[in-house]
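1. test case, fold it:
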Amino acid sequence: MTGSVDLGEESEAVLAQLLAKGSYASRDAALREGVRLLQYHQTRLARFEVEIGRGMDDVAAGRTEDADLVFDRLIAKYEALAAKSAA
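-> Numbers count the residues shown, from 1 in each chain. The predicted structure is shown next:
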């Protein structure tokens, strides 16, 4: 699909700056990169939503740990690592 795109004043100004700096060879190249970044963002968002679903399933099934116990374990771990690297 080809055609004109109305980016709005602010986006047009950003695009003009990128082109003037030589960050992109053309308007089309910059827009393609923008679409690529949107695809990347959407892919990551979809993965994040899957992980949230898994976490919610774990909570519903009672597969959880007390946060205080987890934090205590992490604190002890990182205190031990700090002490080791200070020695």
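2. rest of the way, CA atoms for contacts and neighbours
-> Fine.
3. helices along the protein, start to end?
-> In the chain, the helices defined using DSSP state H lie at 8-21, 27-60, 67-86.
4. between those, which gets nearest to Thr2?
-> Closest approach to Thr2 among these (C-alpha to C-alpha): helix 27-60, 10.4 Å.
5. just want the angle from the closest one to helix 8-21.
-> 120 degrees (axes from the mean of the first three to the mean of the last three C-alpha atoms, to 10 degrees).
6. so for helix 27-60, mean pLDDT?
-> For helix 27-60, mean pLDDT rounds to 97.
7. distance to Thr2 and mean neighbour count added to the helices of the chain, as CSV?
-> Formatted as CSV, the helices of the chain follow (distance: least, C-alpha to C-alpha, whole Å; neighbours: other C-alpha atoms under 10 Å):
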stretch, distance to Thr2, mean neighbour count
helix 8-21, 18, 12
helix 27-60, 10, 12
helix 67-86, 53, 10
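8. surely Leu18 meets Ala25?
-> No: contact status for Leu18 versus Ala25: not in contact, 9.3 Å apart, counting by C-alpha atoms under 8 Å.
9. measure the closest residue to Ser26 other than its chain neighbours to Asp28 for me?
-> Leaving aside its chain neighbours, Ser26 sits nearest to Leu19 (6.7 Å; criterion: C-alpha to C-alpha, 6 or more residues apart in numbering). Leu19 sits 11 Å away from Asp28, going by C-alpha to C-alpha, to the nearest Å.
10. and stretch 69-76, what's its mean pLDDT?
-> Here stretch 69-76 scores 98 as its mean pLDDT.
11. now the phi/psi pair for Ala25, please.
-> With angles defined as degrees, to the nearest 10, Ala25 sits at phi -70, psi -30.
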